[in-house]
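everything below, folded, please.
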Amino acid sequence: MRAEKQRKTIIFLHGWTMNGSAFDQQIELLGDAFECYTPDLPGHGGSAHLKASIDECADFVHKLIAGNDLNDIVLVGWSMGAAISWNYLRRFGSTKVAGLITVDMSPKIVNEGDWELGLVGRTVETIAASTAHLRDDWALSAKAVASGMFAAEAGPDHWPASAAAKTISEQDPEQMHQMWVDLTKLDERATIAKIDVPMLVCYGEKSRAYGEPVANWIVAQAQEATKKGFALSGHAPHFEEPKQFAQTVAEFARSL
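Numbering: from 1, shown residues only. The predicted model follows:
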């Protein structure tokens, strides 16, 4: 975890199978202007010894904020990190939080009943099959997760899918399995309308995970939210368009 102390605080929360280094470029671009934190969340990276669950991750964020006496925070949650942000705000409130940025995430990832804004093209059955396969061949699963992360399967030149797959493969398979199971149970749809801080809902216009339809739904439900699409990005605009993403974060933070 790294921090550069200046003005408003930004806490970046990474996605499933990743770690805080996912935001290294953002620290380079924003660290002189903001106090930035990029923790490894429970079950991941340097926190692999901690229980992998959304609740545990939100507890971890709560302790990070309290332990460092942080205020006026902008939470930036990418994918799983968005789920953790919603959980944190639902359970701990927004007293310490000035605003929230979510990045390409649905409040419910499983498509079932009349809900069709989960993972694109995935059914209860296909998600169950993927969940079982995680334990069978983690190396292959890592490559599959990485290949779906970007607008193009190869990924951006400066951090290609092969590098993403290496990071993913180094995670503990059992911890990743447990976290994935928890994510399949996610349902924060009712939380969205109760969030009482400004929200910016980001997505990649070429996302193969969620994309603009989910962003539209969140904006429609929220008290105060706008959306921002990244034309060249898939599921990870902070990797695929890092300068544009950093500028978006900075502008949002300064507007609060």
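
ok but Thr167 is inside a strand, no?
No - looking at Thr167 with DSSP: H, G, I helix; E, B strand; the rest coil, it is helix, so not inside a strand.

which residue ranges form the strands in this protein?
9-13, 35-37, 73-78, 97-103, 199-204, 225-230 (DSSP state E).

just put those strands in JSON lines and tack on mean pLDDT.
Formatted as JSON lines, the strands of the chain follow (pLDDT from 0 to 100):
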{"stretch": "strand 9-13", "mean pLDDT": "98"}
{"stretch": "strand 35-37", "mean pLDDT": "97"}
{"stretch": "strand 73-78", "mean pLDDT": "98"}
{"stretch": "strand 97-103", "mean pLDDT": "98"}
{"stretch": "strand 199-204", "mean pLDDT": "98"}
{"stretch": "strand 225-230", "mean pLDDT": "98"}
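
of all those strands, which one is nearest Ile168?
Closest to Ile168 of those, according to CB to CB: strand 73-78, at 14.3 Å. Any C-beta I mention is one placed from the backbone N, CA and C, and that applies to glycine too.

who does that closest one pair up with?
strand 9-13 (parallel), strand 97-103 (parallel) (DSSP bridges).

what's Val197 sitting at in phi/psi?
Note on Val197: its backbone torsions stand at phi -120, psi 160 [degrees, to the nearest 10].

roughly how far does it sit from Val97?
Note on Val197: its distance to Val97, by CB to CB, to the nearest Å, is 5 Å.

if you count what's nearby, which of these two comes out ahead?
Each of Val197 and Val97 has its neighbours counted (other CB atoms under 10 Å); Val97 has more, 25 against 19.
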